[in-house]
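Colleague: After the sequence you'll find the predicted model.
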Amino acid sequence: MSARQRTRPSRLHQEPEAVTWAREKSEPTKRALADLVGIGEQLMGEIESGWRSATPASLIKIAEALNCPIVALDCKRATPSYRCRGVRSR
């Protein structure tokens, strides 16, 4: 049997770097954020790394859990801007 090669999705609903940035600024761990969203820690890691696309419902929950506007996390914006209002800075 041949080994199955893993490929990244052709289209993501989220900007992976923005999700990671917002989570790190708001300080929950991947596990804590995954619990708040209702997904597994592995899936949260795959969303942040760009290996999996977040569902629109999950992306809304991630934005709510991080107190961040969804437009800061999705791929529909024209220029990358990772600023989230209400996110605590260190």
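Modeller: That came through fine. Numbers count the residues shown, from 1 in each chain.
Colleague: From the centroid of this protein, which residue is nearest?
Modeller: Val19 (3.7 Å; C-alpha atoms, centre = their mean).
Colleague: quick one: what helix or strand has that residue in it?
Modeller: helix 16-26 (DSSP states H and E).
Colleague: And for the closest residue to Ile39 other than its chain neighbours, the neighbour number?
Modeller: In space, and not counting its chain neighbours, Ile39 is closest to Ser58: 6.1 Å by C-beta to C-beta, 6 or more residues apart in numbering. Every C-beta, even on glycine, is put in place using the N, C-alpha and C of the backbone. The local packing of Ser58 (other C-beta atoms under 10 Å) involves 20 other residues.
Colleague: for the helix or strand hosting Ser58, the distance to its chain's centre please.
Modeller: Using DSSP H and E, Ser58 sits in helix 56-65. Centre-to-centre, helix 56-65 and its host chain are 8 Å apart (C-alpha atoms, centre = their mean, to the nearest Å).
Colleague: With stretch 26-39 instead?
Modeller: Distance, stretch centre to chain centre, for stretch 26-39: 10 Å (C-alpha atoms, centre = their mean).
Colleague: mind listing what the residue nearest to Ile39 touches?
Modeller: By C-beta atoms under 8 Å, 6 or more residues apart in numbering, the contact set of Ser58 is Val37, Gly38, Ile39, Ile47.
Colleague: cool, Glu64 as well?
Modeller: By C-beta under 8 Å, 6+ apart, the contact set of Glu64 is empty.
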